[in-house]
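K.L.:
Build the 3D model from these lines:
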Amino acid sequence: MAWGTIIAAYLFLAGVSAGAFLTAVNAPRLWPRGKWEALTKSGILLAIPLMALGLLLLVFDAEAGLKAPWRFLYLFLNFPGSMMTNGTIIISLYMLVLLYCGWLVWKKQELPRWLVTTGNLLALGTAGYTGLLIGVVNTVPLWNTAVLPVLFLVSALSTGMAAAVITALWLDGGIIGQLQGIKKVHLGLLIGELILLFFLVYVTGTSSDVARQSVDLLLTGKFAALFWGGLIGLGLVLPLLIEWWEMGNAKHENKALTVLSEVMVLSGGFILRYLILAAALPVNLLG
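P.N.:
Residues are numbered from 1 along each chain as shown. Take a look at the predicted model:
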């Protein structure tokens, strides 16, 4: 595995942070009749430590960060030619916006429209970058596909929404009755993630022998149990069925069931990124 669990955790945390922020600031605009104070506050305040921890993991990555963390500064020196440099600038600006939004939310002040718009763009950039970061590696067919950044973006929106809902319910359990709109969007994201996963496996598996070997590791090889049981079953299908059931039984909202579903989505989000890194096989350029 070219990159390990630390990078998987970074990709996961950055995506969840971006998705939580997007959920927090856009729910009041999409469903203005609801009372979203708890969701806005929890989503933004949660996004800050998640992104900060992700950046810390990026600094102390598995390659040499523990010995020379100052090498992180070199990431700013290759603009605009390096995808890693471009992404580092985006997530750094996103972190600054998060801190400012967090300050305003803590002071119970309304977020300016320009700040929400800027934050939305940077959050989307952060979520998409987590896929582009590894997607530009031409020697790894499993990563080097146009589907991967879109898959990571959809997963970031889904896991971030899950995290925001969990923390909002912790602050104010009363919002359980107004989550139908969010659940509809979340259901669509889960379905979209399953479709994108299918395309990733199909397109990648037919592109080259090395790519097919990576796909075989996921579908029938050493990672098959984690792929089918952890990602597909626990992380996508079960939450999808729960969301579907809850939408048809709005009068019987169950806070514990909702939290369980969102926790499974978060688990699936991390498993997805771990598997994408773990099953990656490089092309032998000398062969």
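K.L.:
Tell me, what's the model's pLDDT at Leu121?
P.N.:
Predicted confidence (pLDDT) at Leu121: the value is 97.
K.L.:
List the buried residues of the helix or strand harbouring it.
P.N.:
In this structure, Leu121 sits in helix 113-135 according to DSSP states H and E. For helix 113-135, the buried set under the neighbour-count rule, 16 or more other C-beta atoms under 10 Å, comprises 116, 118-120, 122-135. Quick note: C-beta positions are derived from backbone N, CA and C, even for glycine.
K.L.:
Poorly predicted segments of the stretch 101-250 of the chain, please.
P.N.:
In the predicted model, the stretch 101-250 of the chain carries pLDDT under 70 at residues 250.
K.L.:
Repeat the analysis, applying 90 as the threshold.
P.N.:
Applying pLDDT under 90 to the stretch 101-250 of the chain flags the ranges 128-146, 171-180, 202-211, 246-250.
K.L.:
those helices in it, which residues are they?
P.N.:
With DSSP state H, counting those that start in this stretch applied, the stretch 101-250 of the chain shows helices at 113-135, 147-171, 180-205, 209-219, 224-225, 238-248, listed in chain order.
K.L.:
Show me which parts of the helix or strand following the last one are buried, residue by residue.
P.N.:
Following helix 238-248 in sequence order, the next helix or strand is helix 255-278 (DSSP H and E). Buried positions in helix 255-278, judged by neighbour count with 16+ other C-beta under 10 Å: 258-259, 261-262, 264-278.
K.L.:
Give me the helices and strands touching helix 255-278, please.
P.N.:
In terms of contacts (3 or more C-beta pairs under 8 Å, 6 or more residues apart in numbering; DSSP states H and E), helix 255-278 is packed against helix 5-30, helix 113-135, helix 147-171, helix 238-248.
K.L.:
buried sites along the longest one?
P.N.:
Translated: helix 5-30. Buried residues in helix 5-30, counted by 16+ other C-beta under 10 Å: 6-28.
K.L.:
sorry, back to before: give me the angle between the helix holding Leu121 and helix 255-278.
P.N.:
Taking axes from the mean of the first three to the mean of the last three C-alpha atoms, to 10 degrees, helix 113-135 and helix 255-278 form an angle of 40 degrees between their directions.
K.L.:
quick one, helix 113-135 and helix 5-30 angle?
P.N.:
150 degrees.
K.L.:
Report the distance from helix 113-135 to the chain centre.
P.N.:
The gap between the average C-alpha position of helix 113-135 and the chain average comes to 11 Å, counting by C-alpha atoms, centre = their mean, to the nearest Å.
K.L.:
same thing with stretch 93-108?
P.N.:
Distance of stretch 93-108 from the chain centroid (C-alpha atoms, centre = their mean) equals 20 Å.
K.L.:
same question, stretch 125-141
P.N.:
When distances are taken as C-alpha atoms, centre = their mean, stretch 125-141 is centred 13 Å away from the chain's centroid.
K.L.:
try stretch 239-257
P.N.:
Offset of stretch 239-257 from its chain centre (C-alpha atoms, centre = their mean): 23 Å.
K.L.:
Return the set of buried residues in it.
P.N.:
In terms of neighbour count (16+ other C-beta under 10 Å), stretch 239-257 has its buried residues at 239-240, 242-243, 246.
K.L.:
so Pro282, which of the three states?
P.N.:
When the structure is reduced to helix, strand and coil (DSSP: H, G, I helix; E, B strand; the rest coil), Pro282 reads as coil.
K.L.:
Can you tell me, leaving aside adjacent residues, what's nearest to it?
P.N.:
Spatial nearest neighbour of Pro282, chain neighbours left out: Thr139 (4.8 Å); criterion: C-beta to C-beta, 6 or more residues apart in numbering.
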